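In: Okay, sequence plus prediction incoming.
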Amino acid sequence: MYTVPQLASFTPDELDRATAELTSALAEESAAVKTDADYKVFRDRWMARKNGILTQINDTWLKAAPGPQKRDVGQRVNQIKGKVEQVVAETEKNLTAGGAASRLESERLDISLPGIRRKIGAEHPILRTMQEVVGVFKAMGYSVEDGPEIETDWFNFEALNFAENHPARDMADTLFVAGQEKKRRRDQYLLRTHTSPVQIRAMMKNPPPLRIVCPGKVFRHDAPDATHSPMFHQLECLAVDTNIKFSDLKGTLDHAMKMLYGPQVKTRFQPSFFPFTEPSAEIYISCPFCGGKGCRICKQSGWIEMGGSGMVHPNVFRSVAEHGYNPEKISGFAFGMGVDRLAALRWGIDDIQLFFQGDMRFLEQFA
């Protein structure tokens with residue numbers, strides 16, 4: 001390692017020899033710098049104020065030079081100082097550039113290779129159908145309401161005029177949460193069997209008039225087969241105002257079915273019974289696949305059942321009368337339909353279990 005020598009004389013030849021030796025050592029040490037730590041040691045060794053090589057040259061050469069030769073030695077020391085500062089600066093620059101190049105090399109992308117692209121997903125056919133049906137009713141001025149999937153017996157049955165001994169309250173038909181024997185029947189928890197409880201919750205929050213659709217999952221104690229599932233999807237509708245009539249229900253449903261299946265579709269209503277509506281009717285549409293002539297999908301009848309409907313029973317309004325729903329002053333209609341059935345009809349699927357099995361080969365057909 002280079003050390004500053006004592007000069008035997010201060011002749012030009014001796015100064016040239018000593019300067020050449022120093023410049024050579026400076027170049028070698030600069031070339032050996034590879035890291036930031038190396039550079040710091042190199043810089044301090046040559047330029048530190050207390051014991052750097054430049055300081056040693058000043059003390060050892062300039063101060064020791066005889067009076068007549070101080071001027072020449074001083075000029076030589078200044079030249080060496082300029083050279084050292086130049087080399088130190090170039091060393092730092094080269095180190096920074098080299099580090100950047102190294103980082104760029106490590107981060108370099110080969111743009112000739114094919115990129116890794118995440119596949120874009122698609123809506124599930126049931127969700128897609130749900131959103132299309134909801135969109136039809138939103139266009140008619142209805143708002144969307146949502147509610148919990150775990151309900152109490154009161155919201156799911158009692159407030160909707162289900163009698164105490166109604167078969168739907170049996171655990172063979174409804175999925176009740178276990179361990180609630182000590183609770184009152186109305187406070188017991190269950191998995192909702194329809195989205196009608198959302199209608200009760202909406203009426204408790206909002207005074208009439210009210211126009212809502214309630215989409216969501218529902219649960220029943222059914223064995224899975226081609227037409228049944230313990231979990232499926234419903235969309236229910238409720239309209240409440242003064243002087244609402246059954247003709248309003250028929251007109252609303254007829255318009256909705258035409259929006260979903262085309263202007264050629266006809267609607268038909270067949271008397272039925274539901275605890276929460278009176279009068280009640282099943283909704284049918286002329287088969288959109290055969291035009292009502294009869295085919296495999298409509299079982300040669302020309303008609304397809306879509307769901308249930310009717311005028312809201314006065315007892316349902318009495319359950320929420322304190323929120324402004326006086327059955328003597330208002331009326332309303334409600335209907336519900338299975339979204340899974342709508343999706344199956346739309347794409348000609350004869351087994352709804354295919355929607356829930358997660359088979360990508362099946363689901364990709366609807367992407």
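Out: Sure thing, it's come through.
In: most centrally placed residue in the chain?
Out: G121 (11.8 Å; CA atoms, centre = their mean).
In: What values do phi and psi take at that one?
Out: The phi/psi pair for G121 (degrees, to the nearest 10) reads phi -80, psi 180.
In: Could you do N326 as well?
Out: Taking degrees, to the nearest 10 as the convention, N326 sits at phi -80, psi 110.
In: Verify the contact between it and P314 for me.
Out: No: the pair N326 / P314 is not scored as a contact, 9.7 Å apart, by CB atoms under 8 Å. Using the backbone N, CA and C atoms, a C-beta is placed for each residue, glycine as well.
In: Would you mind writing the CA trace of stretch 203-214 as CSV?
Out: This file holds the C-alpha atoms of stretch 203-214, laid out as CSV (Å, rounded to 0.1, in the frame of the first residue of the first chain):
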residue,chain,number,x,y,z
MET,A,203,-91.5,-1.6,5.6
MET,A,204,-90.2,-1.1,9.2
LYS,A,205,-87.6,1.3,7.9
ASN,A,206,-89.7,3.2,5.2
PRO,A,207,-93.3,4.5,5.4
PRO,A,208,-95.5,4.0,2.3
PRO,A,209,-95.4,4.4,-0.7
LEU,A,210,-92.8,1.7,-1.2
ARG,A,211,-91.6,-0.2,-4.3
ILE,A,212,-88.7,-2.6,-3.8
VAL,A,213,-87.2,-5.8,-5.2
CYS,A,214,-85.4,-8.2,-2.8
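In: Helices along the stretch 251-367 of the chain, start to end?
Out: Per DSSP state H, counting those that start in this stretch, the stretch 251-367 of the chain carries helices over the ranges 314-319, 339-347, 360-363.
In: most packed of the ones you listed?
Out: Mean neighbours per residue, mean count of other CB atoms under 10 Å, is largest over the helices of the stretch 251-367 of the chain for helix 339-347, with a mean of 21.
In: so how far is that helix off the chain centroid?
Out: Centre-to-centre, helix 339-347 and its host chain are 26 Å apart (CA atoms, centre = their mean, to the nearest Å).
In: helices and strands around that helix, which ones?
Out: Helix 339-347 sits against helix 125-139, strand 231-241, strand 303-312, with contacts defined as 3 or more CB pairs under 8 Å, 6 or more residues apart in numbering; DSSP states H and E.
In: repeat that with 7 Å
Out: For helix 339-347, the elements it packs on are helix 125-139, strand 231-241, judged by 3 or more CB pairs under 7 Å, 6 or more residues apart in numbering; DSSP states H and E.
In: Which positions in stretch 31-47 come out as buried?
Out: Buried positions in stretch 31-47, judged by neighbour count with 16 or more other CB atoms under 10 Å: V33, Y39, F42, R43, W46.
In: should've said stretch 292-307
Out: So, applying 16+ other CB under 10 Å, buried residues of stretch 292-307: G292, I297, C298, G302, W303, I304, E305, M306, G307.
In: Also stretch 210-225?
Out: In stretch 210-225, counting by 16+ other CB under 10 Å, buried: L210, R211, I212, V213, C214, P215, G216, V218, F219, R220.
In: Look up the residues forming beta bridges with the fourth one.
Out: When bridges are called by DSSP bridges, V213 pairs up with V144, C237.
In: Roughly how far does it sit from G336?
Out: V213 is 10 Å from G336, where distance means CB to CB, to the nearest Å.
In: How about V87?
Out: Here the criterion is CB to CB. By it, V87 lies 87 Å from G336.
In: can you pull the pLDDT of N78?
Out: Note on N78: pLDDT of 89.
In: got it, and the one 4 residues further on?
Out: Here the pLDDT value assigned to G82 is 89.
In: Tell me the buried residues in the helix or strand where it lies?
Out: Using DSSP states H and E, the element containing G82 is helix 70-107. For helix 70-107, the neighbour count (16+ other CB under 10 Å) marks K70, V73, R76, V77, I80, V84, V87, V88, T91, E92, L95 as buried.
In: residue farthest from the centroid of this structure?
Out: The chain, CA atoms, centre = their mean, max distance from centroid: P68 (85.3 Å).
In: M203: helix or strand, and which one exactly?
Out: Secondary structure (DSSP H and E) places M203 in helix 196-205.
In: So what's the gap between that helix and the chain middle?
Out: 28 Å.
In: Tell me the helices and strands packed up against it.
Out: Looks like helix 196-205 contacts helix 153-156, strand 210-219, strand 231-241 (3+ CB pairs under 7 Å, 6+ apart).
In: Extract the CA atoms of the shortest one and return them as CSV.
Out: I take that to be helix 153-156. What follows is helix 153-156 as a C-alpha-only set of coordinates in CSV (Å, rounded to 0.1, in the frame of the first residue of the first chain):
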residue,chain,number,x,y,z
ASP,A,153,-89.1,-17.1,13.1
TRP,A,154,-91.0,-13.8,13.5
PHE,A,155,-89.6,-12.1,10.4
ASN,A,156,-89.7,-15.3,8.3
